[in-house]
Each structure stands twice: as structure tokens, then as C-alpha cells.
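Colleague: 3D model of this:
(4 chains)
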2 protein chains.
Amino acid sequence: MSENEPTRSARKHQAILDAATGVFLAKGFAGTNMDDIAKRAAVSKQTVYKHFADKEKLFAEIVLGTTDRVDGMVDLVADVPAEADTLEENLHALARQFLAALTGAEVFQLRRLVIANADTFPELGATWYEQGFERVLGTLADTFRRLTEKGVLHADEPLLAAHHFAGLLLWIPVNRAMFHGSPQHTEAELDHYATAGVRAFLAAYR
Amino acid sequence: MSENEPTRSARKHQAILDAATGVFLAKGFAGTNMDDIAKRAAVSKQTVYKHFADKEKLFAEIVLGTTDRVDGMVDLVADVPAEADTLEENLHALARQFLAALTGAEVFQLRRLVIANADTFPELGATWYEQGFERVLGTLADTFRRLTEKGVLHADEPLLAAHHFAGLLLWIPVNRAMFHGSPQHTEAELDHYATAGVRAFLAAYR
DNA sequence: TTCATAGTACTGGACAGTCCAGTTCTCGCT
DNA sequence: AGCGAGAACTGGACTGTCCAGTACTATGAA
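Modeller: Coordinates of the predicted model:
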């Protein structure tokens, strides 16, 4: 037998998760009904309830299941070289990757989804934010601390500096995406945000 | 007759608006039902429907009705004195008032409400953002342009500078409030955000 | 009187979650 | 390989509940 052929149960489980993710992202928690999910997963409703106790559990599992996707970004911000003469272009590269990763439509939809239901699921919102964005910023703060120790940067409060970096970079596109349906950022705009944000950041912290 | 004694109808209208505002803010659009609103307004359900065609119209009217509250903030950002030697403290004062105005719990709740329903009411989200925050930032950009012309500041792109100012200042508290239920900012924290944000901004743009 | 309103019952539809009868898969055992 | 039992799955009907919006009668204000 092949070493990892998923069992039927595992396949169904995954199909339900995939379908539910799509529907929740598109229509929100309240706007989604379980029959839709079952139909999209090509699965009977009974099976959905066999795998997930109820709608809320399914929702929570999906949202929290996305937090491990930020691992890549954590690696990204941890790997900024500490050389003074290439600092600007290194930060610019980081900024571009940051923007590229976050402006993927799915990330914004998920962000909206979590914010929208922060009342109903308070812990979910807090956890998602902590496991996600704050982890990245914490790592970025470590990087800034390292750069500061090497004398390349001057960040007395590295975590605050990391937030400033993020704020300079993300304030515009994030707000735009939160209030309008689709992202609508051209590559040129993103590049401009990155350039201007990095320039302002370096003026403040170099 | 007295010049402005509201008619009974006008009183009911206002009572419905007030009640609906409270319920929508507390429980969101989907979580709110019309019976609750009627009860809270001490009005019959029929009367609610006499004044507002349906739930969506009521919701839209409430959300859009709040945009004129930003007029005060527009005045605020238009009135920054253009003297170089007091620039830092002037901006700091502006930053504090900005933070104070935005971290009022109601503003954040409203923001969450709009974001949460940006899918269902796409135009509403766009309009609210444009009439609200973008108007303030546009005015702030004008101020920065004026300061730049006087040589007090160097902002080649005043609107971008205004966004940077906002991002430096608001990124932390806004995100915290979006994902957690309650704001939870101490005065000391807000002051620290203002000081650090203004310092970074001036380093970049003076 | 006349109009807005209160109070309340009602309609129609949506939807979470359950139940059940019959089918298909899985896997250990021979 | 072939068998058989138990687990998982299907499809659809069903329950109970919630809720937007309507209908209707009675009441109080102008």
C-alpha cells in the first residue's frame, strides 16, 4: 500500500474544511448555512455534524487553522541582514514581501471575518491576532533590536519601532481593503507605499 | 407655537434612531431584530415600519448619519499653527485629540460594524470611509501642504504624509480595538503613542 | 372626526441540528 | 483472495426556533 493515502474519513474532513472556508470567507458567519457547506463539500449534512460538533466549532477551527500560515512571514522578518550599507534595500525588499503576502485577497477577507465576529467570538479574535500578526511583529522587533545592537539602527523600543514600520507600510492598503469589497491595489501603488514607508522609517530610526 | 417643539412623529422617529443605533452597535446587523428596536424605542413595530421602509434602510440611515460628526475633527486638523518653533507641541496636541476622539468606544464599535457588513453593504462602507476618515486626512494633507509651503515641513506628497501620520499614531490602538472586544487603552499608553508617533513623523518630514 | 400609534396576532421563509432507513467503505480474519 | 461486521456515509424528511414584515383592532391625540 502507498504510504499516505488518506482515509475516506480524512478526505471528507478536508473537503468539509475547504468548502466551509470558502463559504465563510465569502458570506460571513451569519450568512453561511450548513446545508450550503455540505453541498459544496459534496457530503451529507450528517457527515458535517459527525466531524464538527456545531457551526461555531467549525468556524473556530477554520480561523485558528490559518495562524500557522504566518510561519513563513516570521522567517522572513527574522532574516534581515545586519549590514549598514544595504539596510535600505533590505528593508525595502522586506516591505515588498510584507505587502505582497498581506494584500492577497484571502488574508483581507479572513481579517474582515475575524473582526466582524469579534463580538461573538472574543477569544477567537484575540488569539488570531496574537498568533498571527503580533508574532510577526515580535520577531521583527527582535530583528530591530539586533540591528540596534550592531549600531545599524536606533530603536530604543524595538516593538514600538516594529509597529511603526507596519503602520507606515500597511495603514493605507489595509484600510482601503477593510471598507471596500476588493483590494484594488496596483503593483505600482504597492511599490510606492513600500518606498515611502521605508524612507520615513529610516529617517526616524537610523 | 414655539419655534421648534418636535412633533410627536419627529420624537418617535428620533427614538427609533437612538434605539436602533444602540442595538446595532451592540449586536451587529444580523444579530439585531426589529422587535428589540421597537421595544427599546418604546414604540410599536408598526411605527418602526412607518418611519423606515425596512431593516436595511434603517441601518444605512444610521451609519451615514454619523459621518457629520467628523466635522469637529476636520476643524481640528485644519487649525494647526504654522510656526516652526512650536510645531512639535502643536502636532502632539493634535495627536492627543485625534486619539481621544477615535478611541471613544462608540467610534470603534461603529467602525467594526461597518467593516463587518462591508460585503452586504459595499457602498455603505465606501461612503462611510470617504465621508469620514478620508475627509479628515484630506484636510490634514492641506495643512501639511501649507506647512510645507512655509518651509516648516517637507512633505512632497502631503496626502501620503497625512496617512503616515495617521498610521504611526493609530496602527496600534486601532488594531487592538478591532480584534479585542473592549478598547483597553490607558491614558499613559495613548500619550506614549502620541509622543513616539509625532517624534517619528517629524524625523521623517521636518 | 381623522390620523398616528399601540398591541398583538399572524404569515412565510430560513436555518441549526436531529433522526432514520438504506448504502458503501474499511479492515481484520480466515 | 474472499468474507463479514462495524463504522462511516447518503439523502431526505422533520422539529423547533427565530425573525422580517403584514394585518387588524382598539386607543389616544390634534
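
Colleague: for stretch A:188-206, list the C-alpha coordinates in CSV.
Modeller: Listed next in CSV are the C-alpha coordinates belonging to stretch A:188-206 (Å, rounded to 0.1, in the frame of the first residue of the first chain):
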residue,chain,number,x,y,z
ALA,A,188,2.9,50.5,-8.7
GLU,A,189,1.0,51.7,-5.7
LEU,A,190,2.3,48.9,-3.5
ASP,A,191,5.8,49.7,-4.6
HIS,A,192,5.2,53.4,-3.8
TYR,A,193,3.9,52.6,-0.3
ALA,A,194,6.9,50.4,0.3
THR,A,195,9.4,53.0,-0.8
ALA,A,196,7.8,55.9,1.0
GLY,A,197,7.2,53.8,4.1
VAL,A,198,10.8,52.6,4.3
ARG,A,199,12.1,56.1,3.7
ALA,A,200,10.1,57.5,6.5
PHE,A,201,11.0,54.7,8.8
LEU,A,202,14.7,55.1,8.2
ALA,A,203,14.5,58.8,8.7
ALA,A,204,13.0,58.2,12.1
TYR,A,205,15.1,55.2,13.2
ARG,A,206,18.5,55.3,11.6
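
Colleague: how about it, does it reach chain B?
Modeller: Yes: under the criterion of CB under 8 Å from any CB of the partner chain, chain B is reached by stretch A:188-206 at A:A196, A:G197, A:R199, A:A200, A:F201, A:A203, A:A204, A:Y205. (Glycine included, C-beta is placed from N, CA and C.)

Colleague: of the residues you listed, which is the most crowded?
Modeller: In terms of neighbours by other CB atoms under 10 Å in any protein chain shown, those top out with A:G197 at 29 neighbours.

Colleague: mind listing what that residue touches?
Modeller: Taking CB atoms under 8 Å, 6 or more residues apart in numbering or on different chains as the contact definition, A:G197 lies against A:A95, A:F165, A:L168, A:L169, B:H164.

Colleague: redo the residues of stretch A:188-206 next to chain B as CSV? Include pLDDT.
Modeller: Converted to CSV, those look like this (pLDDT from 0 to 100):
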residue, pLDDT
A:A196, 97
A:G197, 98
A:R199, 97
A:A200, 97
A:F201, 98
A:A203, 96
A:A204, 96
A:Y205, 96
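
Colleague: just how off-centre is stretch A:58-74 within its chain?
Modeller: In terms of CA atoms, centre = their mean, to the nearest Å, the centre of stretch A:58-74 is found 8 Å from the chain centre.

Colleague: show the average pLDDT along that stretch.
Modeller: The average pLDDT for stretch A:58-74 rounds to 92.

Colleague: what comes up buried for it?
Modeller: By 16 or more other CB atoms under 10 Å in any protein chain shown, the buried positions in stretch A:58-74 come out as A:L58, A:F59, A:A60, A:I62, A:V63, A:T66, A:T67, A:V70, A:M73.

Colleague: export the longest helix belonging to chain A to CSV, keeping only CA atoms.
Modeller: Determined from DSSP state H, the single longest helix within chain A is helix A:158-179. The C-alpha trace of helix A:158-179 is given here as CSV (Å, rounded to 0.1, in the frame of the first residue of the first chain):
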residue,chain,number,x,y,z
PRO,A,158,12.1,47.8,19.2
LEU,A,159,8.4,46.6,19.4
LEU,A,160,7.2,50.2,19.0
ALA,A,161,9.5,50.6,16.1
ALA,A,162,8.1,47.4,14.5
HIS,A,163,4.6,48.7,14.9
HIS,A,164,5.7,52.0,13.3
PHE,A,165,7.2,50.1,10.4
ALA,A,166,3.9,48.2,10.0
GLY,A,167,1.8,51.3,10.4
LEU,A,168,3.7,53.3,7.8
LEU,A,169,3.5,50.4,5.4
LEU,A,170,0.1,49.0,5.9
TRP,A,171,-2.2,51.7,7.0
ILE,A,172,-3.3,52.7,3.6
PRO,A,173,-3.9,49.4,1.9
VAL,A,174,-5.4,47.7,5.0
ASN,A,175,-8.0,50.5,5.5
ARG,A,176,-8.8,50.5,1.8
ALA,A,177,-9.4,46.8,1.9
MET,A,178,-11.4,46.8,5.1
PHE,A,179,-14.0,49.2,3.8
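
Colleague: fine by me, we can end here.
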